[in-house]
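*Asks:* coords please:
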Amino acid sequence: PGTTRDTIDCVMERPSSTKNEDGTPGLPTLYRFIDTAGIRKKGKVEFGPEYFMVNRALRSIRRSDVSLLVLDACQGVTEQDRTLAQKISDDGRACVIVCNKWDAVVNKDSSTYNKSVQYVRVELPQVRWAPIIFISAATGQRVGKIYGAVDEAVKAHRRRVSTAVLNEVLRDAILWQPPPARRNGAQAKLYYCNQVSTRPPTMVLFCNDPKLVNNNYRRYLDRKFRESLDGFEATPIRWIFRGRRVRDIHRTMNGDPGSGGKGVAYPFPHAD
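*Replies:* Sure, this is the predicted structure:
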């Protein structure tokens with residue numbers, strides 16, 4: 001038997017909600033939950049059993065496909081919650097934010113839910129894309145929704161989008177807001193992008209100089225892609241910016257971005 005210092009794996013089976021053509025129930029879904037010990041602030045952790053306990057808990061994030069970030073609805077978001085959210089995002093794991101003890105929140109009204117969602121979004125910008133579920137482990141309220149949220153997060157984490165669709169979204173984003181120019185007149189020129197891997201979805205975007213694409217514009221591209229493409233609500237998107245010359249783009253591309261590879265190759269209008 002494990003103690004609070006152990007990271008415990010628990011396999012659970014969920015019956016299928018669909019039936020086969022012959023009326024028999026479908027195959028069940030197996031979930032492996034990794035129960036980690038509580039993680040205190042780094043400054044309070046002394047070298048010893050707790051130190052190794054915390055390391056095992058943090059390594060379990062890399063083992064997972066989906067991380068359930070459990071918050072205390074009465075206590076609010078703590079600094080340690082922000083640290084864990086950043087860790088989940090850096091490791092490229094899908095995430096579902098679970099706010100527990102919702103039954104203990106007093107004076108709830110029709111606006112409490114929306115205010116709580118907005119509060120979590122502001123306090124946890126590291127996982128601003130993660131869905132939020134308010135549950136009560138004591139009463140069982142909405143606990144069953146965790147399974148559905150995990151299923152959707154797994155799909156998002158493994159989603160792949162065609163290059164043509166990605167470049168159509170990129171073209172619209174650039175036309176709506178071109179990359180900013182520096183004081184010396186230098187401006188990033190974005191040529192095209194494609195998805196190179198999943199878990200998490202990883203996009204490679206070719207441009208003239210990656211250093212010219214600042215963090216604000218990178219966040220803008222991430223937001224526009226999420227707004228234009230459904231299915232990325234529970235997963236981070238990794239962006240890789242690679243420098244390339246215009247003549248190399250003309251030589252390697254077979255057609256206009258988003259055209260399906262037909263016709264003469266030209267980069268985006270602002271990159272001429």
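*Asks:* tell me who's in contact with the residue lying closest to residue 199 once chain neighbours are set aside.
*Replies:* Here the nearest residue to residue 199 in space, its sequence neighbours aside, is residue 157; by CB to CB, 6 or more residues apart in numbering that works out to 5.4 Å. No exception for glycine: its C-beta is placed from N, CA and C like everyone else's. Contact analysis of residue 157 by CB atoms under 8 Å, 6 or more residues apart in numbering lists 65, 66, 93, 94, 198, 199, 200, 201, 234, 235.
*Asks:* mind pulling the model confidence for residue 157?
*Replies:* With respect to pLDDT, residue 157 scores 96.
*Asks:* equivalent analysis for the one 10 residues further on, please.
*Replies:* On pLDDT, residue 167 comes in at 96.
*Asks:* what does residue 5 give?
*Replies:* Looking at residue 5, its pLDDT is 64.
*Asks:* so the residue lying closest to residue 145 once chain neighbours are set aside, which of the three states?
*Replies:* Computed as CB to CB, 6+ apart, the closest residue to residue 145 that is not its neighbour in sequence is residue 133, at 5.6 Å. At residue 133 the chain is in strand, as set by DSSP: H, G, I helix; E, B strand; the rest coil.
*Asks:* report the beta-bridge partner residues of residue 133.
*Replies:* Residue 133 has the following beta-bridge partners by DSSP bridges: residue 98.
*Asks:* burial measure for it, as a count.
*Replies:* 18 (other CB atoms under 10 Å).
*Asks:* mind listing what it touches?
*Replies:* Per CB under 8 Å, 6+ apart, neighbours of residue 133: 96, 97, 98, 99, 142, 145, 146, 149.
*Asks:* drop the exposed ones from the contacts of residue 157 and show what's left.
*Replies:* 66, 93, 94, 200, 201, 234, 235 (16 or more other CB atoms under 10 Å).
*Asks:* of the residues you listed, closest to residue 224?
*Replies:* Distance ranking of these against residue 224, using CB to CB, places residue 201 first at 14.8 Å.
*Asks:* distance of the nearest residue to residue 105 once chain neighbours are set aside relative to residue 14?
*Replies:* Among residues not flanking residue 105 along the chain, residue 73 sits closest, at 5.4 Å (CB to CB, 6+ apart). Distance from residue 73 to residue 14, counting by CB to CB, to the nearest Å: 25 Å.
*Asks:* who's more crowded, those two?
*Replies:* Of the pair residue 73 and residue 14, residue 73 is the one with more neighbours under other CB under 10 Å, namely 18 against 13.
*Asks:* residue 192: which of the contacts of residue 157 is nearest?
*Replies:* residue 201 (16.7 Å).
*Asks:* wait, that closest one sits on residue 155?
*Replies:* No - assessed by CB atoms under 8 Å, residue 201 is found out of contact with residue 155, at 11.2 Å.
*Asks:* could you report the distance from the closest residue to residue 169 other than its chain neighbours to residue 128?
*Replies:* Nearest non-adjacent residue to residue 169, counting by CB to CB, 6+ apart: residue 228, 4.5 Å away. Distance of residue 228 to residue 128, given as CB to CB: 17 Å.
*Asks:* please apply the same query to residue 180.
*Replies:* According to CB to CB, residue 180 and residue 128 sit 22 Å apart.
*Asks:* repeat that for residue 178.
*Replies:* Counting by CB to CB - residue 178 and residue 128 are separated by 24 Å.
*Asks:* cool, residue 191 as well?
*Replies:* 28 Å.
*Asks:* so those two - more neighbours on which side?
*Replies:* Of the pair residue 191 and residue 128, residue 191 is the one with more neighbours under other CB under 10 Å, namely 24 against 15.
*Asks:* dihedrals phi and psi, that one?
*Replies:* The phi and psi values for residue 191, taken as degrees, to the nearest 10, are phi -100, psi -60.
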